[in-house]
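# The following block contains a protein sequence and its predicted model.
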Amino acid sequence: GFHRKGQLAGFFILGERASGRLYARAESVAVEGLRDLFSVSYENARLYTELQNSQLYMDLLLKNLVNGVLATDSKGKITTCNQEAAKILNHDEKDLIGKNLIRLPKVLADIFKQVFDQDLRICDREVTLAKTNQESFYLNIGAALFRDTKGKVVGSLMVIQDRTAIHKLEEQVKRSERLASLGTLSAGMAHEIKNPLVTLQTFTQLLPERFHDADFRDTFVNLAGKEISRIDGLVNKLLTLARPMKIELEPIGLNSFLRSYAKVLREQAEDAGAKMYEDYHAVRDCIFADIDKLKQVTLNLFLNALQSMHSGGEIHIFTRDQGDQIELEIRDTGEGISQGDLNHVFDLFFTTKSSGTGLGLAVAYQIIQEHAASVRVESTPGRGTAFYIRFPLVKPGGNA
């Protein structure tokens with residue numbers, strides 16, 4: 001018998017010799033040697049079959065992967081290139097395997113170089129691969145070194161996800177959103193401008209008949225001026241949203257900014273019969289901000305809170321630490337916002353106020369985005385609304 005890992009794997013059966021003579025000791029030893037050689041050959045054949053099956057499995061796996069796979073040895077020679085990677089790179093697999101990675105497009109070769117030089121592990125890096133026919137591939141890249149059991153670098157691996165189709169769908173969605181926004185903008189503009197125009201038209205039609213009426217003329221001049229100012233303010237806000245916003249960022253202390261600006265806000269709160277409370281808990285408060293734009297955001301949110309309270313109420317302004325961010329909270333005890341309206345508070349021309357244009361919060365949202373900040377809203381009808389804005393803190397060394 002011959003064994004593998006302590007288990008019987010097979011055996012020889014020796015029949016009687018034709019001559020009837022018994023096997024001698026030397027012949028038995030020779031048969032045992034033959035058995036051992038066969039055992040080794042059997043094991044090698046089995047291992048070779050497993051290796052072939054594993055290679056076949058890996059080849060099928062790489063061939064059918066929806067992502068591209070590139071691998072190199074420790075010297076930067078390409079050892080693996082699957083079908084999807086070759087398709088993305090517009091090359092035959094055999095043209096790349098065995099070649100140096102400098103044969104790859106520069107954007108991918110540079111990523112491999114970063115991985116080798118800086119021992120980086122790259123995840124979800126978005127890159128664009130330009131093609132000669134003006135078509136581009138939009139790729140998501142992951143790359144890292146791999147090592148043997150002793151920690152020695154033996155090569156590198158890159159996984160390439162082709163996001164071109166997804167990118168095109170995203171562009172179509174954005175185009176649809178822009179068209180939808182244009183429809184909303186047109187309807188909102190028509191509604192907001194039509195009202196003052198109707199007023200102006202009415203007075204203009206009556207003016208020839210009542211020109212000598214001093215009270216009529218005074219009322220007309222006063223009202224016309226207000227309606228024209230309203231249209232002018234509307235157009236200016238729309239221009240602010242439409243044109244690229246000029247932001248001049250500088251490091252400021254958010255707590256000290258709020259303390260100084262709150263003096264102006266407190267006077268408005270007192271005039272409206274509301275109380276204002278401040279509590280600046282944040283220990284680290286240095287952010288990059290445009291002071292004028294930050295005042296505009298704070299004022300918009302403050303006035304929004306003030307206008308939601310018809311008979312007094314309270315406005316709270318807080319800051320608090322949130323890891324590598326600082327959170328500004330502006331909370332009121334006003335009438336609140338329904339859950340159905342909550343997702344639309346930053347939309348163009350959306351307002352729950354009879355005299356509002358629905359542009360103030362849209363402008364504030366754009367400014368917040370330009371500061372690389374985020375904002376969320378919580379509200380309970382009848383109990384009030386809270387806006388939470390998170391700004392990235394300035395890191396040691398002056399970077400946000």
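On my side now, so go ahead.
# Please enumerate residues in contact with stretch 363-377?
For stretch 363-377, the surrounding residues in contact (Cβ atoms under 8 Å, 6 or more residues apart in numbering) are 237, 240-241, 245, 247, 249, 287-290, 293-294, 296-297, 300-301, 337, 342, 345-346, 385-392, 400. Just so you know, the C-beta spots here come from the backbone N, C-alpha and C atoms, and that holds for glycine as well.
# what do you get for stretch 129-146?
Applying Cβ under 8 Å, 6+ apart, the external contacts of stretch 129-146 come out as 88, 90, 105, 107-108, 111-112, 115-116, 119-128, 153-164, 166-167.
# could you flag which of the residues you listed are buried?
Neighbour-count burial (16 or more other Cβ atoms under 10 Å) is assigned, among the contacts of stretch 129-146, to 88, 105, 108, 111-112, 115-116, 122, 127, 155-163, 167.
# Among those residues, name the ones in helices.
Those of those mapping onto helices are I88, L108, I111, F112, V115, F116, H167, per DSSP state H.
# Buried residues, stretch 291-306. List them.
In stretch 291-306, counting by 16+ other Cβ under 10 Å, buried: K293, L294, Q296, V297, T298, L299, N300, L301, F302, N304, A305, L306.
# re earlier: return the members of the contacts of stretch 363-377 classed as buried.
Listed as buried from the contacts of stretch 363-377 are 237, 287-290, 293-294, 296-297, 300-301, 337, 345-346, 385-392, 400; burial here means 16+ other Cβ under 10 Å.
# In helices only, show me these.
Per DSSP H, these map to helices at K237, K293, L294, Q296, V297, N300, L301.
# residues contacting the last one?
Okay, so that is L301. Neighbours of L301 in contact, by Cβ under 8 Å, 6+ apart: I330, L361, A364, F387.
# can I get the residues you listed in JSON lines with pLDDT, distance to R217 and secondary structure?
Conversion of the contacts of L301 to JSON lines gives the following (pLDDT from 0 to 100; distance: Cβ to Cβ, whole Å; DSSP: H, G, I helix; E, B strand; the rest coil):
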{"residue": "I330", "pLDDT": "94", "distance to R217": "44", "secondary structure": "strand"}
{"residue": "L361", "pLDDT": "83", "distance to R217": "38", "secondary structure": "helix"}
{"residue": "A364", "pLDDT": "86", "distance to R217": "39", "secondary structure": "helix"}
{"residue": "F387", "pLDDT": "94", "distance to R217": "45", "secondary structure": "strand"}
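# Check those and tell me the two furthest apart.
I330 and L361 (11.9 Å; Cβ to Cβ).
# Local confidence estimate at the closest residue to F346 other than its chain neighbours?
Sequence neighbours aside, Y365 is the residue nearest to F346 in space, at 4.1 Å (criterion: Cβ to Cβ, 6 or more residues apart in numbering). pLDDT recorded at Y365 is 87.
# State the distance from Y365 to Q296.
Distance of Y365 to Q296, computed by Cβ to Cβ, to the nearest Å: 12 Å.
# same thing with H91?
Distance from H91 to Q296, by Cβ to Cβ: 53 Å.
# Likewise for I368?
From I368 to Q296 the distance is 10 Å (Cβ to Cβ).
# same thing with A109?
Remark: distance between A109 and Q296 (Cβ to Cβ) = 46 Å.
# cool, and L34?
Here the criterion is Cβ to Cβ. By it, L34 lies 94 Å from Q296.
# Return the residues in contact with M158.
M158 touches G68, V69, L70, A71, L108, I111, F112, V115, I141, G142, A143, counting by Cβ under 8 Å, 6+ apart.
# before we move on, which element is the last one in?
Secondary structure assigned from DSSP states H and E places A143 in strand 136-147.
# Strands of the protein, residue ranges please.
2-4, 7-10, 68-73, 78-81, 122-130, 136-147, 153-162, 250-253, 275-280, 286-289, 314-322, 325-332, 374-380, 384-392 (DSSP state E).
# Please name the strands paired to the fifth one in the sheet, noting orientation.
Which is strand 122-130. Taking DSSP bridges as the criterion, strand 122-130 sits next to strand 136-147 (antiparallel) in its sheet.
# go on, the second one?
The sheet places strand 7-10 alongside strand 2-4 (antiparallel), with pairing taken from DSSP bridges.
# Quick one: mean pLDDT for the strand it pairs with?
74.
# List of residues touching it?
With Cβ under 8 Å, 6+ apart as the test, strand 2-4 has contacts from L8, A9, G10, F11, F12, R35, D36, F38, S39, Y42, E43.
# how does it look with 7 Å?
When contacts are defined by Cβ atoms under 7 Å, 6 or more residues apart in numbering, strand 2-4 is touched by residues A9, G10, F11, R35, F38, S39, E43.
# so where's this structure shaky on pLDDT?
Residue ranges of the chain with pLDDT under 70: 53-64, 131-135, 174-192, 234, 237-245, 348-359, 396-400.
# so R35 sits right up against F12, yeah?
Yes - the pair R35 / F12 is scored as a contact, 5.8 Å apart, by Cβ atoms under 7 Å.
# out of those two, which sits in the busier spot?
Legend: neighbour count by other Cβ atoms under 10 Å for R35 and F12, higher for R35 (15 against 11).
# Tell me how far the more buried one lies from F137.
59 Å.
# How about A289?
Distance from A289 to F137, by Cβ to Cβ: 38 Å.
# cool, and A26?
Distance, A26 to F137, using Cβ to Cβ: 72 Å.
# cool, and C81?
16 Å.
# So if I had to pick from the two, which one is more boxed in?
Applying other Cβ under 10 Å to C81 and F137 shows that C81 carries more neighbours, namely 25 against 20.
# Pairing partners for that one in the sheet, please.
Beta-bridge partners of C81, as defined by DSSP bridges: L70.
# That one and G98 touch, don't they?
No - under the criterion of Cβ under 7 Å, C81 is not in contact with G98, lying 9.8 Å apart.
# overlap in contacts of these two?
Common neighbours of C81 and G98, using Cβ under 7 Å, 6+ apart, do not exist here.
# beta partners of Q322?
Judged by DSSP bridges, the bridge partners of Q322 are Q325.
# Tell me how many other residues surround it.
The local packing of Q322 (other Cβ under 10 Å) involves 13 other residues.
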